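Chemist: Structure of the sequence below:
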Amino acid sequence: MSDLVLDVQGLSKTYQQGELSVEVLRQVDFQVRKGERHAIIGASGAGKSTLLHLLGGLDRATGGSVAVMGNALETLSEKKLGLLRNQHLGFIYQFHHLLAEFTAVENIMMPLLIRRQSHAEALEQAMKLLQQVGMEHRSTHKPGELSGGERQRIALARALVTHPDCVLADEPTGNLDEKTAAAMMDLMLSLNESQNTALIIVTHDMSIASSMQFQWEMHDGKLAGVQ
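Modeler: Presented below is the predicted three-dimensional model:
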């Protein structure tokens, strides 16, 4: 079986604003295999987040194709896209996007409950992840009762609880202080290795980029490898 997780061919994205066309991505080719770590850097507005959204099926491309585990995203209905995301992908954002009314463990359980696992099974897996990210003592706390670093750890556990083939992270340490950010990255890299999960991080932080196996730069809508 192929270890190819993501296969991007000729990906383009144009936004239409009235009579004005804004070409954000131009003929992007990109491949990611199991366990690989990729960093995408570039100036603000270069198209990094747009690319990540297209890779995760959160937006539709204007041209080209994105295949996740051999499934061409452009051929899937919204329902099938949702199932694919739940099965194969994990997402981490600069802002944690945790559900405020639920506890830490309930937030982590959510992707498993969506795929109709039993409550007991989801709870067991969520508690294991809580332990791995060092947050089992905060399981019953709601996001508003946690620090920024703690919330990001919960978000990381939620992204990994389904054992995804790839995690897409958009500035995951952008709101954290230097020490907490370093601890978060160490944790992400450790879980990347232990779960053999591919990792794609959009970042402005060159120290984070340098810890990845592959570095890419978005410039003028194109993606190029950094030598």
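Chemist: CA atoms for contacts and neighbours, from now on please.
Modeler: Will do.
Chemist: by contact count, what packs against the lengthiest helix in the chain?
Modeler: When the chain is parsed with DSSP state H, its longest helix is helix 178-195. Helix 178-195 sits against helix 148-160, with contacts defined as 3 or more C-alpha pairs under 8 Å, 6 or more residues apart in numbering; DSSP states H and E.
Chemist: Measure how the helix it packs on sits relative to helix 178-195, angle-wise.
Modeler: With axes from the mean of the first three to the mean of the last three C-alpha atoms, to 10 degrees as the criterion, the two stretches helix 148-160 and helix 178-195 enclose an angle of 20 degrees.
Chemist: and helix 148-160, what's its mean pLDDT?
Modeler: Across helix 148-160, pLDDT averages out at 84.
Chemist: And the contacts of it?
Modeler: Residues from elsewhere that reach helix 148-160 (C-alpha atoms under 8 Å, 6 or more residues apart in numbering): 89-92, 96-98, 104, 107-111, 126, 129-130, 133, 135, 143, 167, 172, 175-176, 180-181, 184, 188.
Chemist: before we move on, what about stretch 13-28?
Modeler: Residues outside stretch 13-28 that contact it (C-alpha under 8 Å, 6+ apart): 8-12, 46-47, 50-51, 61-64, 220-223.
Chemist: Pick out the residue closest to the middle of the protein.
Modeler: Leu168 (1.8 Å; C-alpha atoms, centre = their mean).
Chemist: and that one, how far is that from Gly56?
Modeler: For Leu168, the distance to Gly56 (C-alpha to C-alpha, to the nearest Å) stands at 7 Å.
Chemist: quick one on the thing from earlier: helices - which of the contacts of helix 148-160 land there?
Modeler: By the criterion of DSSP H, membership of the contacts of helix 148-160 in helices covers 104, 107-111, 126, 129-130, 180-181, 184, 188.
Chemist: hey, what's in contact with both of Leu168 and Gly56?
Modeler: Shared contacts of Leu168 and Gly56, counting by C-alpha under 8 Å, 6+ apart, come down to Leu89.
Chemist: pLDDT weak spots in this protein?
Modeler: Within the chain, the stretches with pLDDT under 70 are 1-2, 94-96, 175-176, 227.
Chemist: Isn't Glu29 up against Ser12?
Modeler: Check again: residue 29 is Asp, not Glu. No. Contact criterion C-alpha atoms under 8 Å: Asp29 and Ser12 do not qualify, at 9.7 Å.
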